[in-house]
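[1] Have a look at this prediction, sequence included:
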Amino acid sequence: MSPNRPTPAPTKIGIIGAGSVGATIAYAAMIRGLAHQISLFDIAKTKVDAEVLDLNHGLLFAPAATLDGSDDVEVLRDSSIIVMTAGAKQKQGQTRMDLAQANADLCAKILPGAVRVAPDAIFLLVTNPVDVVTDLALRITGLPPERVIGSGTVLDSSRFRYLIARHCGVALQNVHAYIAGEHGDSEIPLWSSASIGSIPLTDWNVAAHGSLTESDRDSILQNVKDAGYQVIQGKGATNYAIGLAVANILEAILNDEQRVLPVSGKLHGFRGLADVCLSLPRIVGRKGMEPPLPIPMTQDEESGLHASAKRIQEALQSLKIEQAH
């Protein structure tokens, strides 16, 4: 580094939950050199100690960092970002919404202590159902909306782009498309604003690369919705893709990249929607997330977004969350 350039401020990522998702996020953050310190908190002391030991054994092969962990929330003190991954494990046949009550209770127990030791942190919620959990986290922490971010449909959008790229025989990096709404069964594909190399997907018809019929689009969307269930059925949990997706969000925040990501957050009047957390493309940087971008939407897409919002609101209303007040 040039002697004339200031030394970057120390950064610390705190991760709540040392299960498969939390540990994979720590691993992805470590090998990408995202922070000076990575700290894991989990009430299962033996588990968190083992994960930290395993990660530390690989530090020689990654950018310099400090990794620690504990069953004491103090390990999260002064974190720049806290990632919430702890929660009931989604089982085969369960939807994400089925986890709502158990994970709402867990958030109410854990998040106040995390805010106490890291009051200036940005909170990134990964625990499912993520839109419901993000809304609860806002209530529990009392933090400004821009600092309470759900991982939302970042992973769904990655799955969406992968399937489009595979169908059309193009590089994944040339596909620009987003999933919006709930991270779950009511999510909305934004076909009207999707493109490959500046060609709208609704007009895609390229020799040797096929076209996208209505049937093709339906099949791709269904595969996006089923993707998590397929992985859970085969190996019991999803961890690699969500670990990389969260590392992508962390990178955008810590490096102040001003990257557009479909993260989940509270809406305040977007297309008639308010007081609900769901995913829409937003600019993400060091101060958190900005309001949703004014993306074009068809009437069907907007209707789908409202239906998705209603599903999330109904799930919230069904919860017993007196302890979160």
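    Good, I have the coordinates. Numbering: from 1, shown residues only.
[2] Verify the stated contact: A121 with S79.
    Yes. Assessed by C-beta atoms under 8 Å, A121 is found in contact with S79 at 4.8 Å. Every C-beta, even on glycine, is put in place using the N, C-alpha and C of the backbone.
[3] Find the residues that touch each one of the two.
    Common contacts of A121 and S79 (C-beta atoms under 8 Å, 6 or more residues apart in numbering): G14.
[4] Look at the two and report which has more neighbours.
    S79 (26 against 23; other C-beta atoms under 10 Å).
[5] So the residue nearest to the more buried one when sequence neighbours are not counted: helix, strand or coil?
    The shortest distance from S79 to any residue other than its chain neighbours is 3.4 Å, reached at G14 (C-beta to C-beta, 6 or more residues apart in numbering). Recorded secondary structure, G14: strand (DSSP: H, G, I helix; E, B strand; the rest coil).
[6] Quick one: residues contacting G14.
    S39, L40, F41, V75, L76, S79, I81, I82, V83, A114, A118, A121.
[7] Report the distance from stretch 25-44 to the chain centre.
    Chain-centre distance of stretch 25-44: 16 Å, with C-alpha atoms, centre = their mean, to the nearest Å.
[8] max-length helix in the protein?
    Of all the elements of type helix in the chain, the one with the most residues (DSSP state H) is helix 214-235.
[9] Please save the CA atoms from it in CSV.
    What follows is helix 214-235 as a C-alpha-only set of coordinates in CSV (Å, rounded to 0.1, in the frame of the first residue of the first chain):
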residue,chain,number,x,y,z
GLU,A,214,-43.9,-18.8,-22.1
SER,A,215,-43.5,-22.4,-21.3
ASP,A,216,-39.7,-22.0,-20.9
ARG,A,217,-40.2,-19.0,-18.6
ASP,A,218,-42.7,-21.0,-16.4
SER,A,219,-40.3,-23.9,-16.2
ILE,A,220,-37.4,-21.7,-15.2
LEU,A,221,-39.4,-19.9,-12.5
GLN,A,222,-40.6,-23.3,-11.1
ASN,A,223,-37.0,-24.5,-10.9
VAL,A,224,-36.0,-21.3,-9.1
LYS,A,225,-38.7,-21.9,-6.5
ASP,A,226,-37.9,-25.6,-6.1
ALA,A,227,-34.1,-25.2,-6.0
GLY,A,228,-33.8,-25.0,-2.2
TYR,A,229,-36.1,-27.9,-1.7
GLN,A,230,-34.1,-30.0,-4.2
VAL,A,231,-30.8,-29.3,-2.4
ILE,A,232,-32.4,-30.1,1.0
GLN,A,233,-33.9,-33.3,-0.3
GLY,A,234,-30.5,-34.4,-1.6
LYS,A,235,-28.1,-33.4,1.2
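[10] picking that back up, restricted to helices, list the contacts of G14.
    Checked against DSSP H, the contacts of G14 include these in helices: A114.
[11] Let's see if you can find the most crowded of the contacts of G14.
    In terms of neighbour count, V83 stands highest of the contacts of G14 at 31 neighbours, by other C-beta under 10 Å.
[12] is it true that it touches I15?
    Yes. Counting by C-beta under 8 Å, V83 touches I15, with 4.8 Å between them.
[13] Return the closest of the contacts of G14 with respect to G150.
    Distance ranking of the contacts of G14 against G150, using C-beta to C-beta, places V83 first at 11.2 Å.
[14] could you measure that closest one against I196, distance?
    V83 sits 32 Å away from I196, going by C-beta to C-beta, to the nearest Å.
[15] D275 too?
    Distance from D275 to I196, by C-beta to C-beta: 36 Å.
[16] And these two? Which one has more around it.
    Taking neighbours as other C-beta under 10 Å, D275 and I196 compare with I196 leading, 22 against 12.
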